[in-house]
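Asker: starting from these lines, generate the structure:
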Amino acid sequence: MIRQITLPSGIRLIHEKIGHVRSVAMGVWVDTGSVRETPETAGASHLIEHMVFKGTGRRSAEQIAIEMDAVGGNMNAFTGKECTCFYAKVLDEHLDLAADVLSDIVFHSVFDPEELKKEQGVVLEEILMNEDSPEDLVSEESNMLFFGDEPLASPILGTKQSVRAFSREKLLAYKDEFYTPENIVVACAGNFDEQKLADTVSRWFDPPKSARQTQPVPQRYPGGKHETFVEKDIEQVHLCLTLPGFARDTEGQYPIAVLSNILGGSMSSRLFQSIREKLGLAYSVYSYPTSYTGTGTFTFYAGTGEAQAAEVLGRMLDEIERVRKEGVTKEELERCRDQLKGSYLLGMESTSSRMNALGKVLLLQKREYNERETIRRIECVTMEDIERILPVCLDLNQASTAFVGRVKKQRPALKKLLG
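Answerer: Numbers count the residues shown, from 1 in each chain. Alright, predicted model coming up:
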């Protein structure tokens, strides 16, 4: 059973006891990500995520790693557009250690200036690595094009200029602004005594109270058709087409997930079968929806040879247009609905996955995670639901398309296809 309490500090604790396992997954979810940053603070959330592992008042960076390794546990973190999460997974007997170390790094990191300089270098290398990964780069370019000047266009890593400009004081000021009890959820899933968990988290997670309320970030996209071409001397042309999607907890969220499975979300999907299996034009071709708090996207990707780029794009656009006009079949709907349900349930069998669902849903959707409700909403997707969303999520007049590779010669043909 899932339970939720608010600790004396104001931090919310949500947990699910799973008695038949020996593990416990704990995550600290913070309501900050790239959407809350300005051009001057771009990349702050991500750099903070790195810096908290560099040492606290009680532990060096090495000691943090040694303590978790010594009990066979693992600890890590990630930064997204809308949130940052620090998490650990340990045996149930080491719950107290997980809470101790997580609270220590989140609230008591020292942000040593010398370590900051080193970590700024690490993040700059991460930005360069992203630029050297054409699949990541084309996705980022398409996303920035789609959202324009809106907060969701901001890259999670920040820019080279913004990362270099951070001082210890500037980074701590950003952290103090957003790492407040009202902005934090502690999520836990696994084998534990519920009262002991509450006592443990209350003991370790006791930051100063704050009256500050974080305001929602406006989320929208400018609209219209856009394209960009990034010339890179690489073997393949990578293309990414971004269309409108749906926000979390809206009527379109589950129909678009099923539609994505039909179009490009699996090996049996239309795009995979036609472009890869039948024609051999690409090794990697897929689609996926992304839901944010106030909006969403529907993304299509393919990587192919320079000479085949126009044909791959043309076939992708043709299939999108065909589905928009003709819809999907009942057989496709039933197969992909069951496929989505199966992959979702299989993915939720680990304590880490369940902790992620608990924390993310409470932090971003302001409610408790409900597995039965999720399954029901997948099972209830109908042909009418799919038909209702097609004019929105397959509107090619709202497409933002990015190309990365040797695209100079192919540009006229690609632009012609895009109209």
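
Asker: mind listing what residue 56 touches?
Answerer: 64, 104, 105, 108, 109, 110 (Cβ atoms under 8 Å, 6 or more residues apart in numbering). Just so you know, the C-beta spots here come from the backbone N, C-alpha and C atoms, and that holds for glycine as well.

Asker: need the three-state assignment for the residue nearest to residue 95 when sequence neighbours are not counted.
Answerer: Excluding its sequence neighbours, the residue lying closest to residue 95 (Cβ to Cβ, 6 or more residues apart in numbering) is residue 24, at 5.1 Å. Here residue 24 is recorded as strand under DSSP: H, G, I helix; E, B strand; the rest coil.

Asker: picking that back up, now the contacts of residue 56: which count as buried?
Answerer: 64, 104, 105, 109, 110 (16 or more other Cβ atoms under 10 Å).

Asker: if I pick the third one, what's in contact with it?
Answerer: Applying Cβ under 8 Å, 6+ apart, we find residue 105 in contact with 52, 53, 56, 64, 86.

Asker: so which of those are in helices?
Answerer: Under the assignment DSSP state H, the contacts of residue 105 contribute residue 64 to helices.

Asker: reformat the contacts of residue 105 as JSON lines; add distance to residue 43 and pLDDT.
Answerer: Below are the contacts of residue 105 laid out as JSON lines (distance: Cβ to Cβ, whole Å; pLDDT from 0 to 100):
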{"residue": "52", "distance to residue 43": "15", "pLDDT": "98"}
{"residue": "53", "distance to residue 43": "16", "pLDDT": "98"}
{"residue": "56", "distance to residue 43": "22", "pLDDT": "97"}
{"residue": "64", "distance to residue 43": "23", "pLDDT": "98"}
{"residue": "86", "distance to residue 43": "17", "pLDDT": "98"}
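
Asker: TSV please, covering the contacts of residue 105 and showing distance to residue 274.
Answerer: Formatted as TSV, these follow (distance: Cβ to Cβ, whole Å):
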residue	distance to residue 274
52	46
53	45
56	54
64	49
86	42
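
Asker: so what pLDDT did residue 216 get?
Answerer: Per-residue pLDDT puts residue 216 at 80.

Asker: let's have the chain start at 211 instead
Answerer: OK, 211 is where the count begins now, so the last one is residue 426.

Asker: what's the burial count for the spatially closest residue to residue 358 that is not a sequence neighbour?
Answerer: Among residues not flanking residue 358 along the chain, residue 432 sits closest, at 4.2 Å (Cβ to Cβ, 6+ apart). If you count neighbours by other Cβ atoms under 10 Å, residue 432 ends up with 14.

Asker: quick check, residue 432 in a helix?
Answerer: No. Counting by three-state DSSP, one finds residue 432 to be coil, located in no helix.

Asker: tell me how far it lies from residue 328.
Answerer: Counting by Cβ to Cβ, to the nearest Å, the gap from residue 432 to residue 328 is 39 Å.

Asker: I'd assumed residue 398 was in contact with the residue nearest to residue 305.
Answerer: Yes. Between residue 234 and residue 398 there is a contact under Cβ atoms under 8 Å: 6.5 Å.

Asker: can you list residues touching both of the two?
Answerer: With the criterion set as Cβ under 8 Å, 6+ apart, the contacts of residue 234 and residue 398 do not overlap.

Asker: in helices, which of the contacts of residue 266 fall?
Answerer: 274, 314, 315, 318.

Asker: specify which member of these is nearest to residue 484.
Answerer: Nearest to residue 484 among those: residue 315, at 48.1 Å, using Cβ to Cβ.

Asker: helix, strand, or coil at residue 572?
Answerer: helix.

Asker: let me see the contact set for it.
Answerer: 214, 222, 224, 239, 395, 397, 578, 579.

Asker: and with 10 Å instead?
Answerer: Contact partners of residue 572, counting by Cβ atoms under 10 Å, 6 or more residues apart in numbering, are 212, 214, 222, 223, 224, 239, 395, 396, 397, 578, 579.

Asker: now the fourth one: which helix or strand?
Answerer: Yep, that's residue 223 we're talking about. strand 222-227 (DSSP states H and E).

Asker: now that strand: average pLDDT?
Answerer: 98.

Asker: tell me what it is packed against?
Answerer: strand 212-216, strand 233-240, strand 394-400, helix 404-414, helix 561-575 (3 or more Cβ pairs under 10 Å, 6 or more residues apart in numbering; DSSP states H and E).

Asker: for the stretch 411-560 of the chain, give me the ranges with low pLDDT.
Answerer: 420-423 (pLDDT under 70).

Asker: name the nearest residue to residue 389, sequence neighbours excluded.
Answerer: residue 240 (5.9 Å).

Asker: list the residues that contact that neighbour.
Answerer: 255, 258-259, 287, 289, 293-296, 316, 385, 388-390, 393-395, 569, 573.

Asker: now the strands for the chain?
Answerer: 212-216, 222-227, 233-240, 284-289, 294-301, 394-400, 436-441, 446-454, 492-501, 506-515, 610-615 (DSSP state E).

Asker: which stretch among those comes nearest residue 367?
Answerer: strand 284-289 (8.6 Å).

Asker: any idea how the chain splits into domains?
Answerer: 212-414, 436-628 (automatic domain parsing).

Asker: does residue 504 touch residue 427 like I think?
Answerer: Yes. Assessed by Cβ atoms under 10 Å, residue 504 is found in contact with residue 427 at 7.6 Å.

Asker: overlap in contacts of these two?
Answerer: With Cβ under 10 Å, 6+ apart, residue 504 and residue 427 have common neighbours 245, 292, 362.

Asker: can you flag the buried ones in the residues you listed?
Answerer: 245, 292, 362.

Asker: is it possible to export those to JSON lines including distance to residue 450 and pLDDT?
Answerer: Output for those, formatted as JSON lines (distance: Cβ to Cβ, whole Å; pLDDT from 0 to 100):
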{"residue": "245", "distance to residue 450": "20", "pLDDT": "97"}
{"residue": "292", "distance to residue 450": "21", "pLDDT": "97"}
{"residue": "362", "distance to residue 450": "15", "pLDDT": "97"}
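
Asker: with those in mind, which one is nearest to residue 562?
Answerer: residue 292 (19.5 Å).
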